[in-house]
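Asker: Fold the stuff below for me.
(chains A and B)
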Amino acid sequence: MLVLSTKDVTKTFGGLIAVNKFDFDLPEGRIYSVIGPNGAGKTTFFNCITGFYDSFEGKIEFLGQILNGKSPDQITRMGISRTYQNIRLFSNMTAIENILVGHHPHFKTHWYEALFQTKRLLKEEAEALEEAVGLLNFVGLKGLGDQLATNLPYGAQRRLEIARALANRPKLLLLDEPTAGMNPNETVEMIEFIQSLRDELGITILLIEHDMKVVMSISENIGVMDFGTKIAEGTPKEIQRNPQVIEAYLGRGAVEG
Amino acid sequence: MTENNFTLKDLLKSGLLAGLIALSLAVIGFLALLSERELIAGIISSGHVFLFAPTIAFSYLLAGRVPENNKLKVLGSGLLIGILAAIPLILLALLENLFDIRQYLVNVSPDLIELILFNQGIIAGSLILVLGMGLVGLLAAGLKTLPDKVRGPIISALGWTLLIGTFSEILSGRLRSFFGPQFVKIIFKSKALHPLVAGVLLLLFAGLEIFQRRRKERNDLKKPFENLNPRIKNGFWMVLLLFTPLILGTYLTEVVNNVGLYVLMGLGLTIVVGFAGLLDLGYVAFFAIGAYTMGILTTQGHLGFVAMSFWTALPIAVVASTFAGILLGIPVLRMRGDYLAIVTLGFGEIIRILALSDMLKSYIGGAQGILQIPKPSIAGFDLIKPEFLFYVILVGVIIALFVSWRLRDSRLGRQWMAMREDEDVAEAMGINLVSTKLLAFATGAAFSGLAGAIFASKLTSIFPHSFSLIVSINVLCLIIVGGIGSLPGVIVGAFILVGLPELLREFAEYRMLMYGALLIVMMLAIPEGFLPSAVIKREMHAHELQESNIPE
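Answerer: Just a heads-up that it's a prediction; the model follows:
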């Protein structure tokens, strides 16, 4: 079954074509990477999926439902979560509070029930807290729940951002450069962690990545973007041999030489 | 310039700066006005306090920068700062003596010169001023060299005695009604503390402070009454609240009522600005809508058409302003920060100008306002006195506090906080920004509308000029002073910015000056406010905590 499928997705900013007729299909349970040089339009493509822009051309379907025209919060409620290239946690809230905000779509009680602290609400809050603590432990931040997000070390912030995304119980997780700024050890841990998300939680993962080692070791499928267009798609091995990809990354001379 | 020492240049700068501050306080008329309020009869007026305050502050601060063992340098610099600080004032007195500078500086009155020269001639007065300033500077600097054990009680004693002196007029009034004029005559002399009593108070407070410190030293940190059952304690506070109007008397209750209305507005604005991070500068609009709804619905004058009772009109007024809150919220949903502030500012002005306009004059009275608004009544008994209105406001404040507190700690509170932190990410977490923002605007407007409705009935007449921009600014200032986003902070802020100026009526003219000075000093010294909320406190101090105690 296809989790995500895009058709002719095009996003222009004035005269600049950031994403140009991007087509791709993402079957359930895959780890798919989008790679490409800086400014190729990868993050813009993510933003189209998550509803950040009011409009774009083309069509995006998620589990058979059309995402066009939906607001970011509606799309999140349908089961898509994301993280950001430059970590965007709620920095002055604690780790647990961050995760609880991520859990927001699953609260069923009304806001005014808080005034009377109905039993239903107290139960729901307790369950949410339990789930949040569970997620915190799952991402390896046990015992750091009361720390302010801004005070956590860099690697922990990346993990917390993923925990916050998981609190939405997503079917599709978009990771924007999850290993950016990490040292080799942390990168290896992150690769294992991302694989465990798919293996243990069964979440389909779409990621943007720059680090070729990560991309090649983690993904089953890779799409290569350059100037907004998809120039190649395939398994890591196919991509490594593709002359167009090498040209986009290393320049024309590299292929000829 | 090193941290713990200073050059001659710093010394000169401090001295002259202290003098210039005292001079400017003098020429704007502040000192002369304050000299009318005596603290200790015949000895010290609040004018003196402010005349010497800059010198005290600067010598004390500078003394903190000298290495401890150099006492002579500390004392000498204190003396020098005092003498330098006297120079601008003496120049002023000299100028006044030689030329008639009052035509240019209206505030340089004979009263002021009398204060500066201690009722003496120019030569003798100048000498006294120089010596006095020098002595005060020396003492202030000397205070810094004393060990904390001695300094604490001295500062505490001086502080409390001056505070009691400042409020002696009000205190004497209250004590008179409880214990009779004979008792009051012992303590107070012509609206100020009797010098002997002041001496007793000094000793008393010094003694208390020493006693406190002793207990602390013995690790006896238990607070008095700590073993008391919390129910009894809460009961005690409830009873105290219930009897507040009796204890305070009519005038002070009236002051507390005004503070209470500002607390209500402050709580509302805390939700909008403090929790949700939406800077609203037109907050007075909802206050006005609450007041005008109450006015139109209940007035017995010619504008009235239904003459409802206060209690029927109250919920309608609250609903009307809540509705207005949503109505304003819709067009500004997409705006952030500065843009939002400007648009809401405009909304506040629109409401005021509409109230003033001829177009609506036949409905809401235009500049003449709405008159003959009845006071609330219970079972045919009119609650005319401020003492009764106190309870109405108290109930309103308690409800607003309860609602704000419960909402802050709920999921909605987290939504607001997330939105304040990062609107885009909050939306990407599945938070519906439209409903979350509108709920903040609506709740804030509801509290403000409640305050407005009670305000209309309290004054029995309302005019458009009561709803000017300055009300919005006052409310914003009080939540900043109290600590933005902090619920107890609202109450503290309201007492400081609304209560104090009412009690110290001489200050009224200088209210804006005080606001400005207070805000600047606060932003430099305690940017998080007097009673900061946990969130803001950790935000302001996050850099200090960073990477301490965090296991990798």
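Asker: My read is that residue A:215 contacts residue A:36, right?
Answerer: No - the criterion here is Cβ atoms under 8 Å, and residue A:215 misses it with residue A:36 at 10.7 Å. C-beta here means a position set from N, CA and C on the backbone, and glycine is covered the same way.
Asker: how many neighbours does residue A:1 have?
Answerer: By the criterion of other Cβ atoms under 10 Å in any protein chain shown, residue A:1 has 8 neighbours.
Asker: show me the contacts for the residue in the stretch 1-150 of chain A positioned nearest to chain B.
Answerer: Of all residues in the stretch 1-150 of chain A, the one sitting closest to chain B is residue A:114 (3.2 Å; Cβ to the nearest Cβ). With contact taken as Cβ atoms under 8 Å, 6 or more residues apart in numbering or on different chains, residue A:114 is in contact with A:121, B:406, B:407, B:409, B:410, B:411, B:412.
Asker: Could you check the lengthiest helix in chain B and say which residues are buried?
Answerer: Longest helix in chain B by number of residues, with DSSP state H as the criterion: helix B:230-269. For helix B:230-269, a neighbour-count test (16 or more other Cβ atoms under 10 Å in any protein chain shown) marks B:244-245, B:248-249, B:252-269 as buried.
Asker: what do you get for stretch A:15-25?
Answerer: Within stretch A:15-25, the residues that qualify as buried are A:18, A:19, A:20, A:22, A:24, counting by 16+ other Cβ under 10 Å.
Asker: helix/strand/coil for the second one?
Answerer: With DSSP: H, G, I helix; E, B strand; the rest coil as the basis, the three-state label of residue A:19 is strand.
Asker: So it versus residue A:11, what's the distance?
Answerer: 4 Å (Cβ to Cβ, to the nearest Å).
Asker: Tell me the span between the first and last residue of stretch B:491-503.
Answerer: 16 Å (Cα to Cα, to the nearest Å).
Asker: Contacts for it next, please.
Answerer: B:167, B:170, B:255-256, B:258-260, B:262-263, B:266, B:474, B:477-483, B:507-508, B:511, B:514-515, B:518, B:529-531.
Asker: These in strands, which ones?
Answerer: When the contacts of stretch B:491-503 are checked against strands (DSSP state E), there are no matches.
Asker: returning to that earlier point: next, format the buried residues of stretch A:15-25 as JSON lines and append pLDDT.
Answerer: Formatted as JSON lines, those follow (pLDDT from 0 to 100):
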{"residue": "A:18", "pLDDT": "92"}
{"residue": "A:19", "pLDDT": "93"}
{"residue": "A:20", "pLDDT": "92"}
{"residue": "A:22", "pLDDT": "91"}
{"residue": "A:24", "pLDDT": "89"}
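Asker: Return the helix or strand in the chain with minimum mean pLDDT.
Answerer: No chain was given, so I picked chain A. Across the helices and strands of chain A, mean pLDDT, DSSP states H and E gives its lowest value to helix A:252-256, namely a mean of 53.
Asker: meant chain B, my bad for not saying
Answerer: For chain B, judged by mean pLDDT, DSSP H and E, that is helix B:542-545, with a mean of 54.
Asker: Tally up the residues packed near the closest residue to residue B:433 other than its chain neighbours, please.
Answerer: The spatial neighbour of residue B:433 that comes closest, neighbours along the chain excluded (Cβ to Cβ, 6 or more residues apart in numbering or on different chains), is residue B:427 at 5.3 Å. By the other Cβ under 10 Å criterion, the neighbourhood of residue B:427 contains 24 residues.
Asker: what sits against the residue of the stretch 101-250 of chain B at minimum distance from chain A?
Answerer: Taking Cβ to the nearest Cβ, chain A has its nearest neighbour within the stretch 101-250 of chain B at residue B:234, 19.0 Å off. Residue B:234 makes no contacts at all, as judged by Cβ under 8 Å, 6+ apart.
Asker: Please name the nearest non-neighbouring residue to residue B:425.
Answerer: Distance criterion Cβ to Cβ, 6+ apart; nearest residue to residue B:425, sequence neighbours excluded, is residue A:88 at 4.8 Å.
Asker: and that neighbour, which of the three is it?
Answerer: Residue A:88 falls in the coil class when you classify it by three-state DSSP.
Asker: in chain A, which residue is closest to the centre?
Answerer: residue A:174 (1.7 Å; Cα atoms, centre = their mean).
Asker: and the gap between it and residue B:237?
Answerer: Separation of residue A:174 from residue B:237 (Cβ to Cβ) stands at 53 Å.
Asker: what does residue A:57 give?
Answerer: The gap separating residue A:57 from residue B:237 is 65 Å, by Cβ to Cβ.
Asker: ditto for residue A:168
Answerer: For residue A:168 relative to residue B:237 (Cβ to Cβ), the value is 44 Å.
Asker: In terms of helices and strands, where is the residue nearest to residue B:460 when sequence neighbours are not counted?
Answerer: Leaving aside its sequence neighbours, residue B:460 sits nearest to residue B:373 (Cβ to Cβ, 6+ apart; 4.9 Å). Of the helices and strands defined by DSSP states H and E, none includes residue B:373.
Asker: Now the phi/psi pair for whatever residue of the stretch 301-450 of chain B ends up closest to chain A, please.
Answerer: With Cβ to the nearest Cβ, the shortest gap between the stretch 301-450 of chain B and chain A falls at residue B:410, namely 3.2 Å. The phi/psi pair for residue B:410 (degrees, to the nearest 10) reads phi -100, psi -180.
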